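Asker: Can you look at this prediction? I've put the sequence above it.
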Amino acid sequence: MRRAIEQFIDSITMYRAVLYGLYLMVATAIGLSLFGQLSFTPGDLIITAAILLVASYLINRLFAWTFSVPYNPESWQITALIIFFLIFPQSDLKGYLDVVIIAAISMASKYILAIRGRHIFNPAAVAVAIGGLLGVLGATWWIGTLYLLPVVMIVGFLLTWKLRHFWMVGLYMFASLVVAAILAQTSGHSVVESIKGAIISGPMVFAGTIMLTEPLTSPTTKRAQMFFGLFVGALTGGHLGWISKPDVAILVGNVYAFMLGARRSISLKYAGTRELAPTVHEFLFKPTHALKFKPGQYIELTLPHSGADDRGTRRVFSIASRPGAEYLRLGLVMPEVDPSTFKQVMVGLKPGAVVRATQVGGSFVLPHNPRKPLVFVAGGIGITPFRAMLDELIEKNEKRPITLFYAVRRQEAAVYTDILSQAIRTIGLQVVIVVAEPQADWTGEAGRLTVDTIAKYVPDLPDSRVYISGPNAMVQDFRRDLSSYNVSPMDIVTDYFTGY
């Protein structure tokens, strides 16, 4: 069951998953109103949603044209549908005009409340916060109702699972409930009723799973995400007046996230590509400005194009080059049959084309302790973050106790063997390549890479930190099997790839 769920949620992009989840919530709300379970008529819900979508589309296109930036076909829909659940549905002309104003504020915030092309605030949150201050349409969070809670919980859980943001979302909810419980206790109110109200008739689940996790306005490293969740959750549960409104608390957290991340938009100039192996390509880009990142981190590219399929217009890639290298290297698997529209557009890039990246981040980085034994486990294109790490260590001539296990289907599928050979010579890297379908002349490890194979080469495995990068099914299998060798969960660092 778990494997089936993971395959389902990993088969579509995060943005499409959020979009489909929100449309499911809208349909559920309309269905509930038909049976009298909500205090709004189906007509009010449908008209308000339609106005939000049409206004957001037109205004977003206008701003994109004015600022000469690519138009994203998913972002405006997500923002519009989130706002739909934050403001009361309207039923008269004045209300409809107010809805248009709120949509305009949300779209404008992406372009105006931005620094160097990077927007700072969650657009839905900033729209309802400003709308409330202007007396137009403030946040009512009518999504916080018992009847909608089941579908919100299911969608929110699946999105949190897809993003692997359990710590951030969990700490947000934990802090919100704990602070609310403490305040209830000190004021003489029922702690149980306070917690029950926050869960059943409050927006906590929606705000935590749908809005808090918005990638462009939340931190990109695990430790920062954990603090972000705690901080925003504590503000939300703190009963501090206006600042404890869920939308305002998220905006305050957005400022913290912005200060931690890249403070400008990222533009990359395409320099060319080369074939590393059958179906595996490496793309070379030159950042137009200095790009800060750590070896092992990822970058998210945006390639707007018409007729985009369900994989969407954005994709996350682990960076395969060290910081400061002439080119930013990204690896891509191009299937021979039915490639996504994103990959078709990427393969068709012309030298000199400028590609926009939305964020850089991730916690898949080397530990500070240089003496800690390290085990790298790569499956297929999962070798890319390890190439960046090894390139950095070679550049610094820094030797660490590292054993790399590289699982490929066939010998010719192994890529970056040049950097592996250089790392063997210069920094003492140990490499074990495991070929699933070897040819007759193969003399190395064959078959499926397992923890038993790793333990054969790494006798001090329980004392090692294990990094795993590759298909999600492989990552999850190794996480489970490493426990039988007494490897602490704290010493397992994971990265995964879907659809590359």
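Answerer: Okay, I see it. All values reported here derive from a predicted model rather than from experimental measurement.
Asker: all strands for the stretch 101-250 of the chain, in order.
Answerer: 114-115, 118-119 (DSSP state E, counting those that start in this stretch).
Asker: could you dump the ones you listed to JSON lines with distance to F206, mean neighbour count and mean pLDDT?
Answerer: From N, CA and C alone the C-beta is placed, and that goes for glycine too. Putting the strands of the stretch 101-250 of the chain into JSON lines (distance: least, C-beta to C-beta, whole Å; neighbours: other C-beta atoms under 10 Å; pLDDT from 0 to 100) gives the following:
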{"stretch": "strand 114-115", "distance to F206": "25", "mean neighbour count": "14", "mean pLDDT": "76"}
{"stretch": "strand 118-119", "distance to F206": "21", "mean neighbour count": "18", "mean pLDDT": "74"}
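Asker: In TSV, list those along with distance to A388.
Answerer: Conversion of those to TSV gives the following (distance: least, C-beta to C-beta, whole Å):
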stretch	distance to A388
strand 114-115	28
strand 118-119	23
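Asker: R223: which of these is closest?
Answerer: Taking C-beta to C-beta, strand 118-119 is the member of the strands of the stretch 101-250 of the chain nearest to R223, at 21.3 Å.
Asker: just how off-centre is the closest one within its chain?
Answerer: 16 Å (C-alpha atoms, centre = their mean, to the nearest Å).
Asker: Run through the helices of the stretch 401-500 of the chain in chain order.
Answerer: 417-427, 451-457, 472-482 (DSSP state H, counting those that start in this stretch).
Asker: And the first one, what does it pack against?
Answerer: For helix 417-427, the elements it packs on are helix 384-396, strand 402-408, strand 430-435, judged by 3 or more C-beta pairs under 8 Å, 6 or more residues apart in numbering; DSSP states H and E.
Asker: Provide the strand pairings for the last one, with the direction of each partner.
Answerer: In the sheet containing strand 430-435, the strands it pairs with under DSSP bridges are strand 402-408 (parallel), strand 445-446 (parallel).
Asker: any chance of the helices and strands packed on helix 417-427 in TSV, plus mean neighbour count and mean pLDDT?
Answerer: Listed next are the helices and strands packed on helix 417-427 as TSV, based on neighbours: other C-beta atoms under 10 Å; pLDDT from 0 to 100:
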stretch	mean neighbour count	mean pLDDT
helix 384-396	22	97
strand 402-408	23	97
strand 430-435	19	96
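Asker: can you tell me which of these comes nearest to A455?
Answerer: Of all these, strand 402-408 comes closest under C-beta to C-beta, at 10.9 Å.
Asker: can I get the CA coordinates of that closest one in CSV?
Answerer: Extracted C-alpha coordinates of strand 402-408, given in CSV (Å, rounded to 0.1, in the frame of the first residue of the first chain):
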residue,chain,number,x,y,z
ILE,A,402,34.2,7.6,1.9
THR,A,403,33.0,4.5,0.2
LEU,A,404,30.7,5.0,-2.7
PHE,A,405,28.3,2.3,-4.0
TYR,A,406,26.9,3.0,-7.4
ALA,A,407,24.0,0.8,-8.7
VAL,A,408,23.3,0.8,-12.4
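Asker: Just want the angle from it to helix 384-396.
Answerer: Taking axes from the mean of the first three to the mean of the last three C-alpha atoms, to 10 degrees, one finds strand 402-408 and helix 384-396 inclined to each other by 140 degrees.
Asker: and strand 402-408 with helix 472-482, angle?
Answerer: Going by the same axes, to 10 degrees, strand 402-408 makes 130 degrees with helix 472-482.
Asker: Relative to G253, which of the strands paired with strand 430-435 is closest?
Answerer: strand 402-408 (36.6 Å).
Asker: Any chance of the strands paired with strand 430-435 in a markdown table with distance to K292 as columns?
Answerer: Converted to a markdown table, those look like this (distance: least, C-beta to C-beta, whole Å):
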| stretch | distance to K292 |
| --- | --- |
| strand 402-408 | 24 |
| strand 445-446 | 38 |
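Asker: got CSV for the helices and strands packed on helix 417-427, with distance to A29 too?
Answerer: Below are those laid out as CSV (distance: least, C-beta to C-beta, whole Å):
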stretch, distance to A29
helix 384-396, 41
strand 402-408, 46
strand 430-435, 51
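Asker: which residues touch the closest residue to D460 other than its chain neighbours?
Answerer: Spatial nearest neighbour of D460, chain neighbours left out: P373 (5.7 Å); criterion: C-beta to C-beta, 6 or more residues apart in numbering. Neighbouring residues of P373 by C-beta atoms under 8 Å, 6 or more residues apart in numbering: P401, I402, T403, V458, D460, D463, S464, R465.
Asker: ok, those residues vs G202, which is closest?
Answerer: R465 (39.7 Å).
Asker: Can you list the helices and strands that the host helix or strand of F285 packs against?
Answerer: With elements taken from DSSP states H and E, the one containing F285 is strand 280-287. Strand 280-287 is packed against strand 266-277, strand 328-333, with contacts defined by 3+ C-beta pairs under 8 Å, 6+ apart.
Asker: Could you identify which of those strands is most buried?
Answerer: strand 328-333 (a mean of 22; mean count of other C-beta atoms under 10 Å).
Asker: And the contacts of that one?
Answerer: 268, 276, 279-287, 291, 299, 301, 317-321, 343, 346-347, 380-381, 383-384, 387-388, 415, 500.
Asker: Only the buried subset of the residues you listed, as a PyMOL command please.
Answerer: To isolate in PyMOL the members of these that are buried, counting by 16 or more other C-beta atoms under 10 Å, one can use:
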select buried, resi 268+276+280+281+282+283+284+285+287+291+299+301+317+318+319+320+321+343+346+380+381+383+384+387+388+415+500
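Asker: Let me see the domain layout of this protein.
Answerer: 12-260, 266-361, 374-497 (automatic domain parsing).
Asker: Columns distance to H368 on top of those, output as JSON lines?
Answerer: Shown next, in JSON lines, are the domains of the chain (distance: least, C-beta to C-beta, whole Å):
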{"stretch": "domain 12-260", "distance to H368": "13"}
{"stretch": "domain 266-361", "distance to H368": "11"}
{"stretch": "domain 374-497", "distance to H368": "11"}
